[in-house]
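[1] After the sequence you'll find the predicted model.
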Amino acid sequence: MARAAGYCFAILKIHLEKFACKIYRDTRTSAHDSGVDLSTNFGVVYQIKKMKIKNTKAADHVYSELKSNFDRERVQQGNVIVIIDDISEEAKNYLVNMRIQSIKKREIIQLAEQMTEVEERMEILRIIFEEFEREYGSDLF
């Protein structure tokens, strides 16, 4: 799991637990964008991508990829969220019109900054450590 995916997963996991929601790391996506898929127990999937979307052409490419990765019903119900390095307002609106939500990685960090409980922050660090250990443990030991 890429570094950004590790912290995004950990922050979302702790945040969603407040609402009795579970999130799971599923698979690694296309190698060119170092993506990771996350699924939830309430039908929403997150795809973390290491890329910037600057225009509707790039957004259309991402939309096409998401349509091929997830079933049509999930996309039509608005249950696919892409977490991305950066996205222009034009591209974000384009994806919203296609029922795809987007979150900038910076916004995930801002969510973590709002977590003031020491226990929450320690749990985030523990999850990040476990994810890195799972990903790189066999390479290190």
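    Yes, it's here. Numbering: from 1, shown residues only.
[2] After the lowest-mean-pLDDT helix or strand in the chain, which helix or strand is next?
    Least confident helix or strand of the chain, by mean pLDDT, DSSP states H and E, is strand 23-28 with a mean of 75. The first helix or strand that comes after strand 23-28 along the chain, using DSSP states H and E, is strand 36-40.
[3] Any regions of the chain where pLDDT drops low?
    For the chain, applying pLDDT under 70 flags the ranges 1-3, 27-35, 137-141.
[4] Now do the phi/psi pair for N41.
    Taking degrees, to the nearest 10, you get phi -80, psi 10 for the backbone angles of N41.
[5] Show me what the strand or helix carrying I84 is packed up against.
    Element membership for I84 (DSSP H and E) is strand 80-87. Helices and strands touching strand 80-87, by 3 or more C-beta pairs under 8 Å, 6 or more residues apart in numbering; DSSP states H and E, are strand 45-53, helix 56-69, strand 100-104, helix 105-113. To be clear about C-beta, it is placed using only N, CA and C from the backbone, and glycine gets the same treatment.
[6] Mind doing that once more with 6 Å?
    Judged by 3 or more C-beta pairs under 6 Å, 6 or more residues apart in numbering; DSSP states H and E, the packing partners of strand 80-87 are strand 45-53, strand 100-104.
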